[in-house]
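take a look and give me a structure for this.
(2 chains)
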Amino acid sequence: MTIRVRLFARARELAGADAVEIDLPPGGLVADLRAQLSKSCPALRPLLTRSAVAVNEEFAGDELVVPPAAEVALLPPVSGGSDE
Amino acid sequence: MIRLTREPIDHAALTDQVRSPHCGAVATFLGTVRDLTDDRTTIALDYEAYGGMAEKKLAEIEADVRRRWPVGDISMVHRLGRVEVGEISVAVAVSCPHRGDAFDACRHAIDRLKEVVPIWKQEHWADGKTEWIHPA
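Numbering: from 1, shown residues only, chains lettered A, B, ... in the order given. Sure thing, here's the model as predicted:
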């Protein structure tokens, strides 16, 4: 299945696009999606391990199965500690 | 009330909105754009949100705050796009019967907002460079 991954902030700039499409086998995990992203879009690598993945607008752990037609987004770290 | 906006935040109106005859305390927090980070000068910030998820997370924070404190009302507003030095980028107003709860609830809401709401900021430095802030 093809999954569209939305990109924001520095990730969007590194990829030069506000979304990328990746192929994932049915039943693929968020961990597989991360690996595919790293392979198909090497520019994202510096930020990838530090970023969260959201599936259908919820933070998703690496073991979550990505449902078909899921809305997926890569979320780089947000700026905000309370005493930054 | 939860809102993402490209317009200036009216903090007085926001504070007024949460006032209630049942509440003897209103705590309002304003986050404003600061001109110095260490020795670097900022001229403006640019905020970008994952809109749908940001609104969902703000709603979860509101529900959490209402569960934990006797909240009369709560409002959270965040600016998007370019915000100049000195302008308000985020505002949280909370009313409670007593001030201790109002302070605690407001503090919790802004701290959680900064942690879990997908909104990013880009520095516009005085030397013309820009930089997305993604702390380790």
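
so where's chain B uncertain?
Scanning chain B for pLDDT under 70 picks out no residues.

which residue ranges of it form helices?
B:11-18, B:51-68, B:99-116 (DSSP state H).

how about chain A?
Taking DSSP H, the helices of chain A run over residues A:9-15, A:30-40, A:45-48.

tell me which of the helices of chain B lies nearest to residue A:74.
helix B:51-68 (12.0 Å; C-beta to C-beta). Yep, even glycine has a C-beta here, placed from its N, CA and C like the rest.

OK, contacts around the spatially most central residue of chain B?
Nearest to the mean C-alpha position of chain B, by C-alpha atoms, centre = their mean, lies residue B:90 at 2.9 Å. Residues counted as contacts of residue B:90 (C-beta atoms under 8 Å, 6 or more residues apart in numbering or on different chains) are B:9, B:29, B:30, B:31, B:76, B:77, B:78, B:79, B:110, B:113.

quick one: it from residue A:73, how far?
Distance from residue B:90 to residue A:73, counting by C-beta to C-beta, to the nearest Å: 21 Å.

residue A:37 too?
Residue A:37 sits 12 Å away from residue A:73, going by C-beta to C-beta.

okay, and the common contacts of those two?
If you check residue A:37 and residue A:73 against C-beta under 8 Å, 6+ apart, the residues they both contact are residue A:5.

hang on, the earlier thing: got the helices of chain A as a markdown table, with distance to chain B and mean neighbour count columns?
Output for these, formatted as a markdown table (distance: least, C-beta to the nearest C-beta, whole Å; neighbours: other C-beta atoms under 10 Å in any protein chain shown):
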| stretch | distance to chain B | mean neighbour count |
| --- | --- | --- |
| helix A:9-15 | 4 | 22 |
| helix A:30-40 | 15 | 17 |
| helix A:45-48 | 7 | 16 |
